[in-house]
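>>> 3D model of this:
(chains A and B)
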Amino acid sequence: MNIQTLLPNLASMQEIKPCLFNFVVYCEQQERFEYCLELARSLAKYFPFRLFFVHHLKEKSSNHYRETQEGLNGWGASFYDARLVESSSEELYRVPFSLFPFLAPQLPIMLFWDCDPTEEKSLLPSIRPYAHRLIFDSETLTDLAAFAERMLSHDLGYLAREQIDLNWARLAGWVDLLAKVFDTEERIRHLRASSEIYIVYNARENRFFHHSQTEALYLQAHLAAQMGWQYETQEPCDKRSLRVIYRYEDQPVRVLIEPREIEQRAPGSLLYIGVRSRLGTEVTMDSRELATSVKVKSVCDASCTLPYVLPLRGSRFNSRFFQQLLYQDVSRHYQAMLKMLLQQKSST
Amino acid sequence: MDASSRSAFSAHPLQEGVSGREAEPCILVIFGASGDLTARKLVPALYQLGAEGRLPHHFACVGFARRQKDDALFREEMGQAVEKYARVQPVQKREWNSFAEKLFYHCSDFHTDSGYALLRERLKHLDAQLGTRGNRLYYLSTQPGEFIKIVQKLQEHGLIYPVVHRGDEEKEQPWSRVIIEKPFGYDYDSAVHMQRELSQFLDESQCYRIDHWLGKETVQNLLVFRFTNSIFESIWNRNFIDHVQISVGEELGVGSRGLLWEHSGMLRDIVQNHVMQILSLIAMEPPTTLKADAVRDEKVKVIEAIRPLTQDDLENFVIRGQYGPGFIQGEPVLGYRDEQNVPKDSCIETYMAMRLFVDNWRWAGVPFYIRAGKRLLRRTTEIAITFKQAPGVLYGSKTPLQPNVLLIRIQPNESILLTMNCKVPGQEQTIQRVGMDFKYSSYFSSTPPEAYERLLCDAMSGDSTLFARIDEVLASWTLLTPVLDDWKKEKPSNFPNYAAGLVGPKEADVMLQKDNRAWYLL
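Down below sits the predicted model:
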């Protein structure tokens, strides 16, 4: 007799479920629904949480409100509690009545708002005061400069106690990498005195991503803000490229943002950054071979160094990325970057 | 590479705050690189740091050992080791290839001047090639008997730099540091001797005495747990705590390392270093800051406050044991004296238990019971803090109430459990003890960093918080050397005195029974 058969299946018995936080997701663009679900699914591999997913069906004209408690098999052993609400616009007012009883009390509420958080919606004001952290994706915006203006017109903390832009989180690997490559006063001085910067991004779009230029725009604005460059002008160029011109010490700094389409790489991801300095150095950072690392080459008038490879941290839905998303401090560099973007008033 | 490169400027415009410790460019030289530690722990840790972007890209690792091999063979061997022991699998080929380019091998005897002269030239060449700025980190993964000679040779050949304690000027100079593996000495006199010898060549600030337990996430969590949860800190004293048990159990025996164990024993291998570190973290006062010396000052105060052991203590409250044959996980296992290279009349302890008192305001009268042993019923390291029993005036007239216990499990199954008493639903007033627990694995499913990853990164960034200072080491030897002296006087007549696979010698149970207490089952 197999003793195991005498014992009840412990897995089916009730047990205390670990839960670190509540994850509330709001999604209104139909094509983004699966992306948001995938993000939650990936997050569940690293942290246990209680999920409340609101899918706003804007195209539904009739009163539609449906709640389901999903089993979510395959999301990982730690995942137990999830509620999915589909609602038409007319019924959206009911969401807080479903949401608040469902939340695990005393645990942080992470609110993933998959549209412009600066535009007042019927639902956001009721949830936002309770959100510990607001995560949004500037991919969903149509006008970056207008968004920057709205964000900057308030204190940084007005949206929630903490906030993070998913696009900024995706860029964290490149931001870290630049800090590593330009890691001395001398190298920063050369970077500051750049004459040309060349940024190549993956212009491939898919059903989730249509604004593939955003990360590239963010990165050049971040560099400009930190290096103290003065914005002058921008102009479209051939083949959907964009040239942004700054000025530093009366010298132009030309940033060329160029699209490429690479099937195997995530839309909007940065592929290559080249920096040429007036002081005689050229540094290239090339990620075209592999998404998770960058080959760095540095040449100056007097010498050149052997190329080396650096990992690109947080470039995927991995532990590093989610640590950034959930625990990164509110970013002053992000605010500085938005201020720079604001000066570049044009639609993406 | 530009010779003026120094990353000493305080506000890097592209870095926002501190996103984790940033290790400085350097060359790590591992003495004894052919050994087990390098393959199983050090190189896999370095690889993982590299894969996560936490290794400075101006970095090289040079293995220094006697065995004949070249860079290519060393890289191949380390590649196999990383395949087997890397924390995050599978190993990414591109990341490994990038890391392997930073691995080099230097074949030499530890005592030969020409070996060090050649090493110096090689390191200079690597500085020029890789931009490591002259910074040196030496890891002594050798027998302790080699430490002094190696450090002397390093100093003689200009590979260890004198320390300049002059503020900003210090930051501009290349640095050199030495990581020394435990044990630091075999007793008080040998530790003092070693320190005296080393201090001819090294400043204390260059000395990183590694205790890898301090790099464990759960050990680091002890301070976070204590000093961020006000409910615990306010009851963390003699008014509320009855006693503390610190238990370290291993299932494994000595295996083929009998010869090494004969020169060591449980007191030297585990109690003098790992256990004393845990005790000091449990008992210390909150430091004024989290800077290295502030934390270590408080730890030293604890050890210095431990009541010296009297003869009565040595006879009744210090227990030693040696395992005999038994069963582990259903399989028969040999007794210690039947293991390889172990004499049949060995007197070395594979188990020890003792009672200590920390004589200060916080802990006066609270016994700390320590036990550590090989071939016990399971592998575990845990701290059980038993609170004073509630008065049984209202409840507990029929059955004594169970005290609350805070159980902190360091490894494995890392967790924190608090037991409490609850009423069993029903007509009777039946009280049942229940547990409220937090398991790391349930909440954090990504694998935490290995201890060596944290410690190597800290050594490269100049943070010595998690390394033992000499006064800590000497204070614990001051306490424990009398035990060794007492043991030398008389051979144990009852060895082996516990069966492998159970809880240890009966004498350890008797020790607690004298105080009307009992060990918790491991």
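
>>> which strand or helix spans A:Gln163?
strand A:162-165 (DSSP states H and E).

>>> give the next helix or strand downstream of that strand.
Proceeding N to C from strand A:162-165, the next assigned helix or strand is helix A:166-181, under DSSP H and E.

>>> let me see the contact set for the closest residue to B:Leu198 other than its chain neighbours.
Spatial nearest neighbour of B:Leu198, chain neighbours left out: B:Val151 (5.7 Å); criterion: C-beta to C-beta, 6 or more residues apart in numbering or on different chains. Every C-beta, even on glycine, is put in place using the N, C-alpha and C of the backbone. For B:Val151, the contact set (C-beta atoms under 8 Å, 6 or more residues apart in numbering or on different chains) comprises B:Tyr138, B:Leu140, B:Ile160, B:Val178, B:Leu198, B:Phe201, B:Leu202.

>>> quick one: list the elements packing against the strand holding A:Gln163.
Counting contacts by 3 or more C-beta pairs under 8 Å, 6 or more residues apart in numbering or on different chains; DSSP states H and E, strand A:162-165 is packed against strand A:133-136.

>>> starting from the strand it packs on, tell me which strands it pairs with and how they run.
With DSSP bridges as the test, strand A:133-136 is paired with strand A:109-113 (parallel), strand A:162-165 (parallel).

>>> how about low-confidence regions in the stretch 151-300 of chain A?
Scanning the stretch 151-300 of chain A for pLDDT under 70 picks out the ranges A:154-161.

>>> what does it put close to chain B?
A:175-180, A:182-188, A:226-227, A:290, A:292-293, A:296 (C-beta under 8 Å from any C-beta of the partner chain).

>>> try 10 Å
Applying C-beta under 10 Å from any C-beta of the partner chain, we find that the stretch 151-300 of chain A lies next to chain B at A:172-173, A:175-188, A:190-192, A:222-223, A:225-228, A:281, A:289-290, A:292-296, A:298, A:300.

>>> next SSE downstream of the helix-or-strand element of chain B with minimal mean pLDDT?
When each helix and strand of chain B is scored by mean pLDDT, DSSP states H and E, helix B:168-172 comes last, with a mean of 59. Note on helix B:168-172: by DSSP H and E, the next helix or strand toward the C-terminus is strand B:176-180.

>>> sheet partners, orientation included, of that following strand?
Partners of strand B:176-180, by DSSP bridges, with direction: strand B:136-140 (parallel), strand B:207-210 (parallel).

>>> and for residue 211, the neighbour number?
No chain was given, so I picked chain A. Here the count is done by other C-beta atoms under 10 Å in any protein chain shown, and A:His211 has 20 residues near it.

>>> oops, I was thinking of chain B
Neighbours of B:Asp211 using other C-beta under 10 Å come to 21.

>>> residues contacting it?
B:Asp211 makes contact with B:181-182, B:184, B:219, B:273-274, B:276-277, B:451, B:455, B:466-468, B:472-473, according to C-beta atoms under 10 Å, 6 or more residues apart in numbering or on different chains.

>>> please redo it, this time with the cut-off set to 7 Å
B:Lys182, B:Asn273, B:His274, B:Gln277, B:Ala468 (C-beta atoms under 7 Å, 6 or more residues apart in numbering or on different chains).

>>> can you flag which of these belong to strands?
Among the contacts of B:Asp211, the residues falling in strands (DSSP state E) are B:Ala468.

>>> give the residue farthest from the middle of chain B.
The outermost residue of chain B, judged against the average C-alpha position, is B:Gln427 (50.9 Å), by C-alpha atoms, centre = their mean.

>>> quick one: secondary structure of it?
Following DSSP: H, G, I helix; E, B strand; the rest coil, B:Gln427 is assigned to coil.

>>> could you check how far it is from A:Ile199?
Shown here: B:Gln427 relative to A:Ile199, a distance of 75 Å by C-beta to C-beta, to the nearest Å.

>>> for the most centrally placed residue in chain A, give its distance to B:Arg177.
The centre of chain A sits closest to A:Leu166, judged by C-alpha atoms, centre = their mean, with a distance of 1.8 Å. Distance, A:Leu166 to B:Arg177, by C-beta to C-beta: 40 Å.

>>> in which helix or strand does A:Arg66 reside?
Counting by DSSP H and E, the element that carries A:Arg66 is strand A:65-69.

>>> which intervals of the stretch 1-150 of chain A have sub-threshold pLDDT?
For the stretch 1-150 of chain A, the ranges with pLDDT under 70 are A:1-17, A:70-80, A:120-121.

>>> can you redo the contacts of B:Asp211 as JSON lines with distance to chain A, neighbour count and pLDDT?
Below are those laid out as JSON lines (distance: C-beta to the nearest C-beta, whole Å; neighbours: other C-beta atoms under 10 Å in any protein chain shown; pLDDT from 0 to 100):
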{"residue": "B:Lys182", "distance to chain A": "31", "neighbour count": "19", "pLDDT": "85"}
{"residue": "B:Asn273", "distance to chain A": "31", "neighbour count": "24", "pLDDT": "94"}
{"residue": "B:His274", "distance to chain A": "28", "neighbour count": "22", "pLDDT": "94"}
{"residue": "B:Gln277", "distance to chain A": "28", "neighbour count": "21", "pLDDT": "95"}
{"residue": "B:Ala468", "distance to chain A": "30", "neighbour count": "25", "pLDDT": "93"}
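
>>> on that earlier part again, over to the residue nearest to B:Leu198. Which of the three states is it?
With three-state DSSP as the basis, B:Val151 sits in helix.

>>> tell me how far it lies from chain A.
Note on B:Val151: its distance to chain A, by C-beta to the nearest C-beta, to the nearest Å, is 31 Å.

>>> B:Tyr188 contacts B:Trp477, doesn't it?
Yes - counting by C-beta atoms under 7 Å, B:Tyr188 does reach B:Trp477; the two are 4.0 Å apart.

>>> more neighbours: which of those two?
B:Trp477 (24 against 20).

>>> wasn't the more buried one part of a strand?
No - assignment of B:Trp477 by three-state DSSP gives helix, placing it outside any strand.

>>> out of the strands paired with strand A:133-136, which comes closest to A:Ala82?
Proximity to A:Ala82, assessed across those by C-beta to C-beta, is greatest for strand A:109-113 (13.6 Å).

>>> got the contact list for the closest one?
Defining contact as C-beta under 7 Å, 6+ apart, one finds that strand A:109-113 is touched by A:21-26, A:36, A:103, A:124, A:127, A:130-136, A:160, A:326.

>>> quick check: closest non-adjacent residue to A:Ser89.
Spatial nearest neighbour of A:Ser89, excluding adjacent residues (C-beta to C-beta, 6+ apart): A:Lys58 at 5.9 Å.

>>> the one you found: neighbour count?
Neighbours of A:Lys58 under the rule other C-beta under 10 Å: 12.

>>> how close does it get to A:His64?
For A:Lys58, the distance to A:His64 - C-beta to C-beta - is 11 Å.

>>> go on, A:Tyr35?
From A:Tyr35 to A:His64 the distance is 22 Å (C-beta to C-beta).

>>> who has more neighbours out of these two?
When A:Tyr35 and A:His64 are compared for neighbours, A:Tyr35 comes out ahead with 18 against 13, by other C-beta under 10 Å.

>>> and the more buried one, what is it in contact with?
Here A:Tyr35 is in contact with A:Phe208 (C-beta under 7 Å, 6+ apart).
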